[in-house]
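In: I would like the atomic coordinates for the input below:
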Amino acid sequence: MKLRTLIVDDESLAREGVRMLLEKDPDVGEVLECVDGHAAVDVIRKEKPDLVFLDMQMPEMCGLEVVAAVGVKRMPNTIFITAYDKYAVRAFEVNALDYLLKPYTNERFARALERAKTRLRNGGELSGQFAALLDHLSSDDNRLERLVVKSAGRISFVYVEDIDWIEAADMYVRLHVGREAKLIRGSLSSLEARLSPTKFLRIHRSIIVNLSRVKELHPLFHGEYVIRLNDGTELNSGRSYRNRLQSLLENPF
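Out: Numbers count the residues shown, from 1 in each chain. The predicted model follows:
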């Protein structure tokens, strides 16, 4: 029986690259695709693919959030794909989960696929490793305390507790610290994974806010809010994040 495979990546060229490599393998059958984490959760629950190629850095819902939403016991065998999050790569290695670090070679892809096929033939389950990975990444010991900022030939440090809010800026994220804005290279999803969920909340595909800076929430329509910070800054939440904000309203502390 041929493998049913799911590719989850918000970049069309990345999905096409994985599909082309999968089509070369005679053991691979139907190949499904999703462009975001929310769709991936629905497809995994309904279609139950044998193997998932899951991008780590995606807007709105990152790879780890997909695992958490599906549930570690129901998550299929998964090969994670990441562009530059060395922290996450180390976590995968510790928990014996396979990953592909972009840009990867055809040979590296083939090894990862063969390893997954062997695990599937032997009936191996990864629920324990998934649970360990999530625990590892959510541990307070692994939370960021400060960030390194390189600018104009200087290196400075920003303590996480001093950040008011964070926004995505192409291949960078912009840290808003008082009246200053500082750029660091990386994705919002990878940074979010290392921030304490009790102190920072993602309210939009491109915005994370420090909860200690939130002064007021003004409801709009369809679950959207205007969030006013202590310094008067106003941020609009995304519709798909209303459950997170609702949880904040129900559990403000």
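
In: so which helix or strand takes in the closest residue to E30 other than its chain neighbours?
Out: Distance criterion Cβ to Cβ, 6 or more residues apart in numbering; nearest residue to E30, sequence neighbours excluded, is R4 at 4.9 Å. In this view, the C-beta of every residue, glycine as well, is placed from N, C-alpha and C. Per DSSP states H and E, R4 falls inside strand 3-8.

In: other residues contacting that strand?
Out: Contact with strand 3-8 is made by 15, 18-19, 22, 27-34, 36-37, 39-40, 43-44, 47-55, 58, 63, 66, 76, 117, 120, as judged by Cβ atoms under 8 Å, 6 or more residues apart in numbering.

In: return the distance of it from the chain's centre.
Out: Its chain's average C-alpha position is 18 Å from that of strand 3-8, according to Cα atoms, centre = their mean, to the nearest Å.

In: the residue most central in space within the chain: what's it in contact with?
Out: Per Cα atoms, centre = their mean, the C-alpha nearest to the average position across the chain is that of C62, at 2.1 Å. Contacts of C62 were listed using Cβ under 8 Å, 6+ apart, and they are 37, 56, 189-190, 192-193.

In: go again using 7 Å as the cut-off
Out: Contact analysis of C62 by Cβ atoms under 7 Å, 6 or more residues apart in numbering lists 37, 56, 189, 192-193.

In: scan these and report the most crowded one.
Out: S189 (27 neighbours; other Cβ atoms under 10 Å).

In: give me the three-state assignment for it.
Out: helix (DSSP: H, G, I helix; E, B strand; the rest coil).

In: hmm, it is touching L64, no?
Out: No. At 8.6 Å, S189 and L64 do not qualify as touching, with contact defined as Cβ atoms under 7 Å.

In: worst mean pLDDT across the helices and strands of this protein, which element?
Out: Ranked by mean pLDDT, DSSP states H and E, the helix or strand of the chain with the weakest confidence is helix 86-94, at a mean of 58.

In: next helix or strand past that helix?
Out: Later in the chain than helix 86-94, the nearest helix or strand by DSSP H and E is strand 99-101.
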